[in-house]
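K.L.:
Okay, sequence plus prediction incoming.
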Amino acid sequence: MKPILETRDLTIAFGGHTAVNGVDLTVPPRHFKSIIGPNGAGKTTFFNLLSGELKPTRGTVWFKGQDITSLSPYERTRLGIGRSFQITNVFPNLTALENVRLAVQSREGIRYNVFRHFTAYRRLEEEAQELLHTVLLSDVAGSPARMLAHGEKRKLEIAMLLALNAELLLLDEPTAGISMEEVPAILEVIRGIKERGDRSIVLIEHKMEMVLDLSDSLMVLFNGKLLADGSPQEIMNNELVQSAYLGGFYDDAS
Ligand SMILES: Nc1ncnc2c1ncn2[C@@H]1O[C@H](COP(=O)(O)OP(=O)(O)OP(=O)(O)O)[C@@H](O)[C@H]1O
């Protein structure tokens, strides 16, 4: 089966510093891959190369066999790549439901006057309700987004990403900055999306143990380079990863 996402020799240098260095990645359709690594390993930069915010110094990105290296973020979104942007797209004074409904509406390119047709409005509303249910936010559907806890905002953001109907979801540290009590709910939401089985997911995570049992495979970045890539079992047993781990690979900084 053709990979949904592939990179070859993907590289970007900022001045003299090579932040991502010759990375080869292959993600089969409906696969869940996590990218792990310590602070400064190049994870976010790698994501920016996948979503188009950055252009590589060298190398290629393919989406479903199409070379997308020179496409803009907008063009990549149109093709079916959705990236989580931490809260920036949430309207604080609108309710959770209204935020998701707007995301559904923007996907469909529906203009305001469609709302004269009650059935069209109701279809959007129902889809938004379903998405809130998927991310376990039905209870707060009527609350203004600004009143939500941080973890709830992250879940809202995931619902808005799902509203785009992207085939490939890029999730950037979805548990970052949220309280320990809220982490299981976020992981539950991600597990739910995985179990629906209709999306491919690439997720960045700082802490390996957080995503080990969720992931079909993990790729380890270290100093911009691919240190290892394999099943959770292979990664856990990998001596390079182990020595990096024991050598202070993971800190508790975030
Ligand atoms: N625009 C830029 N200009 C110069 N250097 C950059 C730029 N963006 C990233 N870097 C450098 O590239 C390296 C990788 O950073 P990146 O943010 O991708 O790491 P990360 O693995 O996502 O870390 P974290 O877990 O802290 O988010 C770092 O040394 C960073 O300082």
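P.N.:
Cool, the structure landed.
K.L.:
Could you check how far residue 181 is from the ligand?
P.N.:
Distance of residue 181 to the ligand, computed by Cβ to the nearest ligand atom, to the nearest Å: 22 Å. C-betas here are computed from N, CA, C, even on glycine.
K.L.:
Phi first, then psi, for that residue.
P.N.:
Here is the backbone geometry of residue 181 (degrees, to the nearest 10): phi -70, psi -30.
K.L.:
And for it, the neighbour number?
P.N.:
By the other Cβ atoms under 10 Å criterion, the neighbourhood of residue 181 contains 9 residues.
K.L.:
That one and residue 149: what is the separation?
P.N.:
9 Å (Cβ to Cβ, to the nearest Å).
K.L.:
got it, and residue 68?
P.N.:
36 Å.
K.L.:
for residue 33, same thing?
P.N.:
Note on residue 33: its distance to residue 149, by Cβ to Cβ, is 29 Å.
K.L.:
what about these two, which has more around it?
P.N.:
Shown here are residue 33 and residue 149; by other Cβ under 10 Å, residue 33 has more neighbours (20 against 14).
K.L.:
right, and the more buried one touches residue 202 too?
P.N.:
Yes: Residue 33 is in contact with residue 202 according to Cβ atoms under 8 Å; the separation is 5.1 Å.
K.L.:
Which residues are in contact with each of these two?
P.N.:
residue 27 (Cβ atoms under 8 Å, 6 or more residues apart in numbering).
K.L.:
Show me which residues of the chain sit near the ligand.
P.N.:
Proximity of the chain to the ligand (Cβ under 6 Å from any ligand atom) is limited to residues 14, 17, 19, 37, 39, 40, 41, 42, 43, 44, 45, 206.
K.L.:
what residues does the longest helix along the chain touch?
P.N.:
If you go by DSSP state H, the chain has its longest helix at helix 118-134. Outside helix 118-134, the residues that touch it by Cβ under 8 Å, 6+ apart are 96-97, 100-101, 103-105, 108, 110, 114-115, 138, 141, 159, 162-163, 189, 192-193, 196.
K.L.:
which ones are touching the residue nearest to the spatial centre of the chain?
P.N.:
Residue closest to the average C-alpha location in the chain (Cα atoms, centre = their mean): residue 171, at 1.4 Å. Counting by Cβ under 8 Å, 6+ apart, residue 171 touches 84, 158, 161, 190, 201, 202, 203, 204.
K.L.:
List phi and psi for it.
P.N.:
Backbone dihedrals for residue 171, given as degrees, to the nearest 10, come out at phi -110, psi 120.
K.L.:
Likewise for residue 35?
P.N.:
Backbone torsions for residue 35, taken as degrees, to the nearest 10, come to phi -110, psi 120.
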